[in-house]
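Colleague: sequence plus the predicted model coming up.
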Amino acid sequence: MSIPKRLPWFVILISSALLFVAPARAEDGKRCEALSAEKIASMKNEASTAFYAGKIKEAHSICQSLKDGVAANADSSSESDYTRILINLGITCLELGKPKDALAIFEAAQTRMDKDNKSDSKSLNRADILLGLAESHYRDGHAETALPLYDKALDIYAEHFSRFSEDLLPALEGLGGSHLVLDQNKEALPFFRHIAQIDLIKYGAEHPRVGKSFNNLSDVYFRLEECGGARPFFSQAIWIFRKNNLDSLNRKLDSADYQNLYSQDEIALFKKRAKQVIMGVQDPPSFRKSSYDLLAEKGFDESCKLCENKRPSNFDNWQVRRAGHFDAGFIKIDPTKEQKGLIFCLHGLGLNHASYMEFAKKIAPYGYGVVAIDVRGFGSLSKEKGFDKIDMLAGMDDLRAMVSMFRDSNKDSRIFMLGESMGGALALQFTAQFPELVDGLVSSVPSGRRFHSKKTKLLVGLRLLDDPKAPFAIGKRVINQATDNDTIKEKWLSDPANRLKISPDELLNFEAFMKHNQKYACEIKKTPVIVFQGFRDHLVRPNGTYALYQALSTRDKDLLFVGDREHLVFEEGAASDKIVSMLAAWLNSHNQKVE
């Protein structure tokens, strides 16, 4: 039997290099067949149809097949396609929450362009690569690296599009958000004004997207300690929020379902009641005039139009997309009932305002409206650059400003706070600090004492050593502890507005916030409080909730252990008819409007 001789080292190196540069195999190791020009064109169309329809996994899969197939072509005629395929593959990786994978792909695309002497340094492909690199770094927690890349991308886009082009928005948001993350608030301001101007032209003064842009601007002015600039933008944002919710309810009252059940006089009464609760007794401002006045500056007024030179919706013009979630909350009431008060609902860690939708429907017939909002860093706010990190103190400021506005515009309305888990802690601390704004507190599982906390701390500690700013998937771990209900798990995991990845830095700040619960519980001296705890909760320790109940200084306090409930008592449809009925009775007993 002959033994093969060892190959020379240089032969091994050459062979390895050939294997590396010969892109003839797919990810699964199977050899790829070269694609014809007709097949490439067909696959590009399929990928674009999927991408613009929001079917990102399908678009990603087609792009991967295109990449492998084009790489296998011996003919160099498809070389020009390859860079664009890499760009689009990177974009789909970003959309699928894989910034590290996206970064490697965009870097490969950049290397390819740099080697091509014919490539245009000011081409849209170049700008899209720079934007992709910036997004990859930003989403991985590194705004300092992303900032100059966003800046270079914007410079190129600005040569192709005019000032009021929506194609500038991703780069503008990246620049403004990166400056905010780096505490460069003065530098961030002009970018957020520019964003708001484009949104106002594109969507109109009453659109939720404009409201969100105004809310962002308000926060930038607040950080600059310019309350005179912050207040009118915040006020306008809340008016837009209220107006959209009132319009939605009025459309419902105008539907055949209501028109067939009630007389016109009754419908008119319901609309009047809805307007008083949602808008208050004050008349809203002129939305269009007020919005343009707030953003007025040289070169911008009501005559401005969007740039007509818009990128077409085809394969060569994919771009990192803006967040599609416009709504940061809702207001729900049953206008056929006399209104007794409003309940402001604050969601738990990782969830969003929509987790209270079922509860709102169940409590509404008792005469209580619900205002549910996204807490800073969650829901739609987790998609807003510069406002996408967990910041409980900023969330407290948001809540104070909003509740104050509702209180001022309808002084007869009773206001209750309801929060669960993280939201329960936020509601508790808010009530302690601003008792004049709260008529009653409902706090569900607010304790920071958790089961298996040592394992969680170890996991966070290891991630902290690796990269304190990089978000990692902790949501599934929380969900598995919170519930054994497969339906709730699936709903929690599948909702794109829920946040399942959080950075170690954010988790440490969150834990520090939760440690103040005991102190603030002692400071609630008069406000009525009811505390809920699921008896089957495997996330928050019941003794922690009981300790907070004991710490409450108010004598008007109740504690309810719910025997058949896990961690969630009110969110994601967990509130049973019995629980809602009991809560309504408690609210009625602490409501001076109820005889």
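Modeller: It's in.
Colleague: what is the burial count for Gly54?
Modeller: 12 (other Cβ atoms under 10 Å). Every C-beta, even on glycine, is put in place using the N, C-alpha and C of the backbone.
Colleague: what kind of secondary structure is it in?
Modeller: Using DSSP: H, G, I helix; E, B strand; the rest coil, the structure places Gly54 in coil.
Colleague: helices or strands up against the strand or helix carrying Phe330?
Modeller: If you go by DSSP states H and E, Phe330 is part of strand 329-332. With contacts taken as 3 or more Cβ pairs under 8 Å, 6 or more residues apart in numbering; DSSP states H and E, strand 329-332 sits against helix 227-253, helix 357-363, strand 368-373.
Colleague: select, out of these, the one closest to Leu96.
Modeller: Closest to Leu96 of the helices and strands packed on strand 329-332 is helix 357-363 (Cβ to Cβ; 26.5 Å).
Colleague: now the closest one, how far from the centre of its chain.
Modeller: 22 Å (Cα atoms, centre = their mean, to the nearest Å).
Colleague: give me the buried positions along it.
Modeller: By neighbour count with 16 or more other Cβ atoms under 10 Å, helix 357-363 contains the buried residues 357-360, 362-363.
Colleague: list the buried residues of stretch 188-204.
Modeller: 188-189, 191-201, 203.
Colleague: what's the closest of these to Glu107?
Modeller: Nearest to Glu107 among those, with distances taken as Cβ to Cβ, is Phe191, at 25.7 Å.
Colleague: what residues sit buried inside stretch 409-418?
Modeller: 409-410, 413-418.
Colleague: helices along the stretch 51-200 of the chain, start to end?
Modeller: 56-72, 79-95, 99-115, 124-139, 143-160, 169-181, 185-203 (DSSP state H, counting those that start in this stretch).
Colleague: so which of those is nearest Val277?
Modeller: Val277 sits nearest to helix 185-203 of all the helices of the stretch 51-200 of the chain, at 26.1 Å, using Cβ to Cβ.
Colleague: ok, Val220 - contacts?
Modeller: Listed by Cβ atoms under 8 Å, 6 or more residues apart in numbering, the contact partners of Val220 are 176, 180, 185, 188-189, 192.
Colleague: same question, Leu154
Modeller: 168, 171-172, 175 are the contacts of Leu154 under Cβ under 8 Å, 6+ apart.
Colleague: so who does Tyr82 touch?
Modeller: 67, 70-71, 112.
Colleague: how does the chain divide into domains?
Modeller: Following automatic domain parsing, one gets these domains for the chain: 20-158, 324-589.
Colleague: next up, the contacts around the closest residue to Lys501 other than its chain neighbours.
Modeller: With Cβ to Cβ, 6 or more residues apart in numbering as the criterion, Lys501 has its nearest non-adjacent residue at 3.9 Å, and that residue is Pro471. Taking Cβ under 8 Å, 6+ apart, we find Pro471 in contact with 139-141, 501-503, 506.
Colleague: may I ask which helix or strand of this protein has the lowest mean pLDDT?
Modeller: helix 9-21 (a mean of 36; mean pLDDT, DSSP states H and E).
Colleague: burial measure for Ile391, as a count.
Modeller: Residue 391: Asp, not Ile. Neighbours of Asp391 (other Cβ under 10 Å): 19.
Colleague: would JSON lines of the contacts of Tyr82 with pLDDT and neighbour count be doable?
Modeller: Output for the contacts of Tyr82, formatted as JSON lines (pLDDT from 0 to 100; neighbours: other Cβ atoms under 10 Å):
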{"residue": "Lys67", "pLDDT": "92", "neighbour count": "22"}
{"residue": "Val70", "pLDDT": "86", "neighbour count": "23"}
{"residue": "Ala71", "pLDDT": "79", "neighbour count": "20"}
{"residue": "Arg112", "pLDDT": "89", "neighbour count": "17"}
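Colleague: nearest to Ile333, of those residues?
Modeller: Lys67 (52.1 Å).
Colleague: got the contact list for the closest one?
Modeller: Lys67 touches 82, 85-86, 89, counting by Cβ under 8 Å, 6+ apart.
Colleague: distance-wise, check it relative to Ala108.
Modeller: 10 Å (Cβ to Cβ, to the nearest Å).
Colleague: cool, and Leu66?
Modeller: 14 Å.
Colleague: quick one: which of these two has more around it?
Modeller: Higher neighbour count among Leu66 and Ala108: Leu66, with 26 against 17, using other Cβ under 10 Å.
Colleague: hmm, the more buried one is touching Asn45, no?
Modeller: No - with contact defined as Cβ atoms under 8 Å, Leu66 does not reach Asn45; the gap is 11.3 Å.
Colleague: joint contacts of the two?
Modeller: The contact lists of Leu66 and Asn45 share no entry, where a contact means Cβ under 8 Å, 6+ apart.
Colleague: excluding chain neighbours, what is closest to Val403?
Modeller: Leu437 (4.9 Å).
Colleague: ends of stretch 251-270, how far apart?
Modeller: 12 Å (Cα to Cα, to the nearest Å).
Colleague: repeat that for stretch 221-232.
Modeller: So stretch 221-232: terminal residues 10 Å apart, Cα to Cα.
Colleague: chain center to that stretch: distance?
Modeller: With Cα atoms, centre = their mean, you get 23 Å for stretch 221-232.
Colleague: what's the neighbour count on the residue lying closest to Ala473 once chain neighbours are set aside?
Modeller: Nearest non-adjacent residue to Ala473, counting by Cβ to Cβ, 6+ apart: Lys501, 5.3 Å away. Neighbours of Lys501 under the rule other Cβ under 10 Å: 16.
Colleague: surely Asp505 touches Lys469?
Modeller: Yes - the criterion here is Cβ under 8 Å, and Asp505 meets it with Lys469 at 5.9 Å.
Colleague: okay, and the common contacts of these two?
Modeller: Common neighbours of Asp505 and Lys469 (Cβ under 8 Å, 6+ apart) are Gly141.
Colleague: when the two are compared, which one has more neighbours?
Modeller: Between Asp505 and Lys469, Asp505 has the larger neighbour count (other Cβ under 10 Å), namely 19 against 16.
Colleague: which residue packs closest to that one, ignoring adjacent ones?
Modeller: Nearest residue to Asp505, sequence neighbours excluded (Cβ to Cβ, 6+ apart): Pro468, at 4.7 Å.
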